[in-house]
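Chemist: just the structure for this:
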Amino acid sequence: MSLVEFTLNGQPVKATAGRSIFNIAKDLGIAIPHLCHQEGLPTDGNCRACVVEIEGERTLAPSCCRSPTPGMKVHTHSERAVKSQKMVLEMLLADLPEQGYTWLDDRAEAPHGELSQWAEHHQVQVRPALAELRREPVPADLSHPAMAVNLDACIQCNRCERACRDLQVNDVIGMAYRGAHTQVVFDLADPMGGSSCVACGECVQACPTGALMPKSHIGAQKVDREVDSVCPFCGVGCLVTLKVKDEKIVSVEGRAGPANEGRLCVKGRFGMDYVHSPDRLTIPLIRKSGVAKDVSLLDGHADWREVFREASWEEALDAAVKPLRALKDQYGPKALAGFGSAKGSNEEAYLFQKLVRTGFGSNNVDHCTRLCHASSVSALLEGVGSGAVSNPVRDVEHSDLIIVIGSNPTANHPVAATWMKNAARRGTRIVLADPRVTDLARHAWRTLTFKADTDVALLNAMLHVIVNEGLCNETFLRERADHVDELKAHVKEFSPEAMAEVCGIPAGTIREVARAYATSKASMILWGMGVSQHVHGTDNVRCLIALASLTGQIGRPGTGLHPLRGQNNVQGASDAGLIPMMYPNYQRVSHAQAHDWFEKFWGATLDSQPGYTVVEIMHKALADDSDPHKVHGMYIMGENPAMSDPDLNHARHALASLKHLVIQDIFLTETAWLADVVLPASAWPEKTGTVSNTDRMVQMGHQALQPPGEARADLWIIQQIAQRMGLDWPYEGEHAGVAEVYEEMRQAMAGSIAGIRWERLEQQSSVTYPCLSEDDPGQPIVFQDGFPTPDGRVKLVAAGLVPADESPDADFPLVLITGRQLEHWHTGAMTRRATVLDAIEPAPTACLCGADLQRLDLQPGDRVRVASRRGEIELAVRRDDGTPQGVVYMPFAYREAAANLLTNAALDPFGKIPEFKYCAVRVDKLIAVSSGA
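Modeler: Residues are numbered from 1 along each chain as shown. This next block holds a predicted model:
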């Protein structure tokens, strides 16, 4: 790293060569006005507010896009520089309407944001002669649910355009027209609400004048407090700043976290007001005596007062725990089970599984990982000895080629998708492999739209090419892999020519992609639940592991294996032991050494046999009374299996059949309607704790609000239940002892987070594990020298063709694929109560391609009935030509058309994950009934 010596305001300075004068001055505490410049955006230099004087040069230089040279003498506050800075600020202010925001009744403080602040800093006032030249007011555009457009305040700094184009790569915002008529436009000068805007809000965060603002925070930007936290939605783990005024979150800004660098998506930016929903649970509820558990009430139209009565905490906790203890005493420890949450903190997950294991007395504890990436974890633990990612998402910037398979990151992991799109713009080749053509396809080098359920055929064909054409990294295989010869022999049967008919991808394309992946200097694989949610999900991931291993594309920057985690803390909850066969840090409950260590550590007798998984517990709840392992009672925290489980009729029947069900949540979810006791809990902005994102980053969130009414912190509730179960836990610190719980968890997970002390997280906000000592910065890239397997080598496992559990036929001729959409998340309990998100996507739809709509005599918007062998729902159809013929795509976030009423509960035999991504359905047009006279 070379240094340059120059003089700044008369003082000698040494700085890194290539850095801008502006940033060097900023580091030294020298404030230079700036409007078009923003950290993280490409430098534009068009506003000229940041000009400085350089001795010997005729013109002033914009400091944001000028770097010093040796011996240069720079003056940021010379008379000439300051005069020019003031003139720029005055001219910009003079061109804006005096009232600032034309649609406001009152004038906001600093009506033009950063422009007003810099004008105040330089004591700039607009002279009367210039004030007469103000441009004519422009009508505000309030067409978008989330954002207000006030071009009166626009100074054409281009920050919004660069944020949209260069950071998020959405390409919605541009500059149109010429000269004095130049203005910001959306698409082809459409209203913002009618444009292709995906509401990431990056333009709002970039705008320096308030020309673009969140509707929830129009006017004075002063707030009561700003609190640093983590986004509570997907697994990307974006760091955020919550802005609180009058005890409400009025806006959210992205923070410069390692996963997002200030970027957010529509959910993180505009979806946080779910915490203020009038539907929040605020007082404990107990089911009224004699009121049956009726699954028909789950349609959302019932009055909770007819089912539950309010209670004090003391009464509710006793009513929750006494029946659990009685069931344990009568039927034994395996009669109880617990579902924890991937939406809560690491500390809550750790304490919840500890409660089930030491208080209930069995390992019947699970969470949503069983429904998303259980097969990925199963294959990764088997093959590479670790269930987490090898490289962070942002490592795609070091890749020459990336394969994105079975994932729709622009909808499910939008900020992660921005790093992929950025990489594509720099020349990285993206291979998008998916039955559906999703938004990432427009950035892809090759799009492999393989037939649903044929992942193994496609991947084995690629492995065949790599083996037969001598593209294996033999040095890597010799030094670091086992069962190589068996795998090579197995894939010989899977030529691209033979598999082309099976998977629907031409043999030449398969060969081209396989060669490109193998010969690239750095290739990376990212996948989602389109890979994992099959009865052959574990086999799918085994093939991905083989692909990376045969080519040596692992253990280096820009390479590796990355299962994109779905929920904000599904990685951390799994790490903390919220799974039935593993203690914290993936230590098997059946392993004698691990079992003995945790018995001693927790001072309790522990079951040495794995517990039941989510779907298995539902089966056990419906088991015959003669079954000694029948599940009679459950405690569910923050999960909604009455919406998230497959074959919902079966799952709901199981939940309703339990002798006792305790629910701890923030809303009266579909599952809570079937509870005996409902305990009002805390939303993420109402708690302090840590979460671990898809990149293995342990990140700190701070409490911004108090829970409403009598709702309590989840950690406190868990401890209250533990106390009544006879456990004597000593956590007494702030926020229900969260720091003490974390430090205990750190001891239980010494092999991964030993060096990440609570105090360190409070200072740094985010640390990547493994981090084995306090001076260890963390290891974003793992497997560089070996694998955490018994012999340090990757274990390759061959996979054959296993068909889906059911196939289309004459009665059910179509294939259903379920998933998420950009605006909604998981079962919709949070996002459908967020006003902006619900306004953008208020109703369920089934997506079909134009050809299928025509064949079924349907028009977009028509009502249809979608039926499977398990259930049926009614909803509208939407045209989506990215969905292939013969396929229906449906989000599962809508209670009024719950897609999982249709899905198949058949399990992958290794990961025990249901086959959400493939089942047979039919679509029938509903004939509108006239209400004529």
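
Chemist: state the distance from Leu371 to Gly174.
Modeler: Noted for Leu371: a distance of 41 Å to Gly174, by C-beta to C-beta, to the nearest Å. Backbone N, C-alpha and C define where each C-beta goes, glycine included.

Chemist: which one's more surrounded, the two?
Modeler: Looking at Leu371 and Gly174 with other C-beta atoms under 10 Å, you find the greater number of neighbours at Leu371, namely 28 against 16.

Chemist: now that one: closest residue in space, sequence neighbours ignored.
Modeler: Taking C-beta to C-beta, 6 or more residues apart in numbering, and ignoring the residues beside it in sequence, Leu371 has Ser644 as its nearest neighbour in space, at 5.9 Å.

Chemist: residues contacting the one you found?
Modeler: Remark: with contacts taken as C-beta atoms under 8 Å, 6 or more residues apart in numbering, Ser644 is in contact with 368, 371, 826-827, 892, 900.

Chemist: one more time with 10 Å
Modeler: For Ser644, the contact set (C-beta atoms under 10 Å, 6 or more residues apart in numbering) comprises 339, 368, 370-372, 614, 651, 669-671, 826-827, 829, 892-893, 898, 900, 914, 916.

Chemist: check Phe360 too.
Modeler: Contact criterion C-beta under 10 Å, 6+ apart gives 324-325, 327-328, 333-338, 607, 611, 633-635, 725 as the residues in contact with Phe360.

Chemist: now, which of those residues sits nearest His34?
Modeler: Closest approach to His34 among the contacts of Phe360 (C-beta to C-beta): Gly338, at 53.6 Å.

Chemist: could you measure from Asp864 over to Asp924?
Modeler: Not Asp; residue 864 is Val. In terms of C-beta to C-beta, Val864 sits 6 Å off from Asp924.

Chemist: what's the answer for Leu212, then?
Modeler: Summarising the geometry, the distance separating Leu212 from Asp924, computed by C-beta to C-beta, is 45 Å.

Chemist: higher neighbour count, the two?
Modeler: In this view Leu212 and Asp924 are compared by other C-beta under 10 Å, and Leu212 has more residues nearby, 28 against 12.

Chemist: ok, Asp676 - how many residues close by?
Modeler: A count of neighbours around Asp676, defined by other C-beta under 10 Å, yields 20.

Chemist: the closest residue to it other than its chain neighbours: what's it in contact with?
Modeler: Setting aside the residues directly before and after it, Asp676 is nearest to Arg287 in space (C-beta to C-beta, 6+ apart), at 4.9 Å. Arg287 sits next to 293, 307-309, 319, 661, 673-678 when contact means C-beta under 10 Å, 6+ apart.

Chemist: mind checking which of these are buried?
Modeler: Listed as buried from these are 293, 307-308, 319, 661, 673-678; burial here means 16 or more other C-beta atoms under 10 Å.

Chemist: which among the residues you listed gets closest to Asp224?
Modeler: For Asp224, the nearest member of the buried ones among the contacts of Arg287 is Val678. The distance, counting by C-beta to C-beta, is 31.3 Å.

Chemist: returning to that earlier point: widest-spaced pair of the buried ones among the contacts of Arg287?
Modeler: Ala319 and Trp673 (17.0 Å).

Chemist: now do the SS call for the residue most central in space within the chain.
Modeler: Within the chain, one residue has its C-alpha closest to the average C-alpha position: by C-alpha atoms, centre = their mean, that is Cys234, at 1.6 Å. The three-state assignment at Cys234 reads coil, by DSSP: H, G, I helix; E, B strand; the rest coil.

Chemist: Gly528 versus that one, what's the distance?
Modeler: Relative to Gly528, Cys234 is positioned 11 Å away (criterion: C-beta to C-beta).

Chemist: identify the contacts common to the two.
Modeler: Here Cys234 and Gly528 share the contacting residues 409, 412-413, 564-566, 820, scored by C-beta under 10 Å, 6+ apart.

Chemist: for these, which entry has the maximal number of neighbours?
Modeler: Using other C-beta under 10 Å as the neighbour definition, the shared contacts of Cys234 and Gly528 reach their maximum at Arg565, which records 31 neighbours.

Chemist: residue contacts, that residue?
Modeler: Residues near Arg565 by C-beta under 10 Å, 6+ apart: 234-237, 342, 369, 372-373, 376, 388-389, 413, 528-529, 571-574, 692-696.

Chemist: out of these, which are inside helices?
Modeler: Among these, the members found in helices (DSSP state H) are 376, 529, 571-574.
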